[in-house]
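> Fold the following for me, if possible:
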Amino acid sequence: MSVQVTDVDVPEAGDVGGIGDALRDYSRRVRGGEVGSLPAVLGLIALVALFSILQGDTFFTALNFANLLNQGTAIIVLAMGLVFVLLLGEIDLSAGFAAGTSAAVLGVTLTKQGWVWPLALLAALATGLVIGFLIGLLVARLGIPSFVVTLAAFLGLQGVMLLIIGEGGTIPIQSDILLAVMNKNMPVWGGWLLWAIVVFGYAAISLRAILSRRRIGLAGSATSVWIAKVVSLAVLFGGVVYLLNIQRQIVRPGRQTCDVVGDINQPVGCIPIIQGVPWAVLVILVLLIIGTFILGRTSYGRHIYAVGGNAEAARRAG
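Residues are numbered from 1 along each chain as shown. The predicted structure is shown next:
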C-alpha cells in the first residue's frame, strides 16, 4: 500500500485576493447574516433619497447639510459614548439627561457663577463622570440591571436638571469660544488641510497595520484593496469638504455678499459669507479617533470586548 502525495499551492502570508475576492467575501458574510452596519447605511441612503425627492430645493443643499452636522453633533457624541455601553451588553436610558445635567452645570457656572469657560467645562465633565460612576457602581458592584438603574436615573436627572437651571428653563451662553464650536466654520484652506490629515493619516496607519501583519506571517489586505479604501475615503470626504466650502449664505435680490470675510472695506449692508467646514466636525473627528484608539489599542478596550462577548469567561480569564 502506498501513499500518494499531491502538491498543493499554499498562498504565502499576505498573498490575499484583490478587490473582487474582497467583495465576494463580504457578500458571502452578508448572506450568512453578518450584515454589520449595512442596514444603517442603506437606511441613511433611503432617508436622504426620500427627503431629496420631497424637498429637493432645500434639503440637498450646502446650507442644510451644514445645519444637520451642527445640530447632530450632540447626538453623535452621545452615540459614541453609548457604543462602550452597548459593547458590554448593557443599556443606558439616562444618557440624554446625564448630558443635559452636565450642560446645565456648564451653563450655570459660566453665566451665573462667572467662571471662565475652561473651569466651567471641567465642572460639566466632572458632573458627567460622577453620574456615570454612580450608575456603573450600582450595575457592576450591586448587580442591579442596567435597565432599572438607568431608568431611575432617567427620571431623577430630569428633576436635578430643572433644579440646577431654576426658573426660566433656558441659560444663554455668552462665551465666544463655546459658541464658535457650534456656530463658526473653519477657513476654506482649513477644511482641505483637515481632509489631507484624515486621508493621509488613514493611509499611513492602515498601511502600517498591513505591513506589520505580513512581517509576522499573517495575511493582510491586498494592496489593491488598501488603495480602493484610501481612494474611496478621499473622494467621499473630499466631496463633503467641497460641499461645505461652497458659499451657502442665502442672498436676497438686491443684496450682495461681502467679498472678503472680516475686511473693513466692505460695501455697506453686505451679507457676510458663510462657508467652510464647521468646527463641530473637527470635534467629532477628534472624539472618534480617541474612542477608536481606546477600543482597539488599549487593554481597557479589549476588556470591554471580552466582557461584552462573555462576562463569565472574561472573569475566569482574569
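
> Where does pLDDT dip in the chain?
Under the criterion of pLDDT under 70, the regions of the chain flagged as low confidence span 1-17, 168, 250-271, 318.

> helices and strands around the longest helix seen in it, which ones?
The residue-count maximum for a helix in the chain (DSSP state H) belongs to helix 188-215. Under the contact criterion of 3 or more CB pairs under 8 Å, 6 or more residues apart in numbering; DSSP states H and E, helix 188-215 touches helix 223-244, helix 279-297. For the C-beta atoms, the positions are set from N, CA and C on the backbone; glycine is no exception.

> Tell me which of those sits nearest to Ala153.
Closest approach to Ala153 among the helices and strands packed on helix 188-215 is made by helix 279-297 (22.3 Å; CB to CB).

> Which other helices and strands does that closest one contact?
Using 3+ CB pairs under 8 Å, 6+ apart as the contact definition, the elements that helix 279-297 packs against are helix 62-87, helix 176-183, helix 188-215, helix 299-309.

> Which of the helices and strands packed on helix 188-215 sits closest to Gly159?
The nearest among the helices and strands packed on helix 188-215, by CB to CB, is helix 279-297 at 29.0 Å.

> Can you give me the buried ones in that closest one?
Residues of helix 279-297 classed as buried by neighbour count (16 or more other CB atoms under 10 Å): Trp279, Ala280, Val281, Ile284, Leu295.

> Name the residues that touch that helix?
Surrounding helix 279-297, the residues in contact under the criterion CB atoms under 8 Å, 6 or more residues apart in numbering are 69-70, 73, 76-77, 80, 83-84, 87, 180-182, 184-186, 194, 198, 244, 300-301, 304-305.

> related to what we said a few turns ago, might you calculate how far the longest helix of the chain sits from the centre of the chain?
17 Å (CA atoms, centre = their mean, to the nearest Å).

> Check stretch 208-220 too.
In this view, stretch 208-220 has its centroid 28 Å away from the chain centroid, taken as CA atoms, centre = their mean.

> CA atoms of it as CSV?
Once side chains and other backbone atoms are set aside, the C-alpha atoms of stretch 208-220 remain, and they are given as CSV (Å, rounded to 0.1, in the frame of the first residue of the first chain):
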residue,chain,number,x,y,z
ARG,A,208,1.4,50.1,8.7
ALA,A,209,-1.1,47.6,10.0
ILE,A,210,-1.0,45.6,6.8
LEU,A,211,2.8,45.5,6.7
SER,A,212,3.0,44.6,10.4
ARG,A,213,0.8,41.5,9.8
ARG,A,214,2.8,40.4,6.8
ARG,A,215,6.1,40.7,8.7
ILE,A,216,4.9,38.2,11.3
GLY,A,217,3.5,35.8,8.7
LEU,A,218,-0.2,36.7,8.9
ALA,A,219,-2.4,37.5,5.9
GLY,A,220,-3.1,41.2,5.3
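
> Relative to Gly114, which of the helices and strands packed on helix 279-297 is closest?
Between Gly114 and the helices and strands packed on helix 279-297, the tightest spacing by CB to CB is seen for helix 176-183, at 14.8 Å.

> Of all the residues in that closest one, which ones are buried?
Applying 16+ other CB under 10 Å to helix 176-183 flags Leu178 as buried.

> what packs against it?
Using 3+ CB pairs under 8 Å, 6+ apart as the contact test, the elements touching helix 176-183 are helix 62-87, helix 117-140, helix 279-297.

> Show the subsequent helix or strand relative to the longest one.
I take that to be helix 62-87. Towards the C-terminus, the helix or strand next in line after helix 62-87, according to DSSP states H and E, is helix 95-111.

> how far off helix 176-183 does that next one point, in degrees?
Regarding helix 95-111 and helix 176-183, their directions subtend 150 degrees when assessed with axes from the mean of the first three to the mean of the last three CA atoms, to 10 degrees.

> then helix 95-111 to CSV, C-alphas only?
Coordinates of each C-alpha in helix 95-111 appear next as CSV, following Å, rounded to 0.1, in the frame of the first residue of the first chain:
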residue,chain,number,x,y,z
ALA,A,95,-27.6,59.3,28.6
GLY,A,96,-29.6,62.2,27.3
PHE,A,97,-30.5,63.6,30.7
ALA,A,98,-27.0,62.9,32.0
ALA,A,99,-25.7,65.1,29.2
GLY,A,100,-28.4,67.7,29.9
THR,A,101,-27.5,67.8,33.6
SER,A,102,-23.8,68.3,32.7
ALA,A,103,-24.8,71.0,30.2
ALA,A,104,-26.8,72.7,32.9
VAL,A,105,-23.8,72.8,35.2
LEU,A,106,-21.8,74.3,32.4
GLY,A,107,-24.4,77.0,31.8
VAL,A,108,-24.9,77.9,35.4
THR,A,109,-21.2,78.1,36.3
LEU,A,110,-20.4,80.0,33.2
THR,A,111,-23.2,82.6,33.4
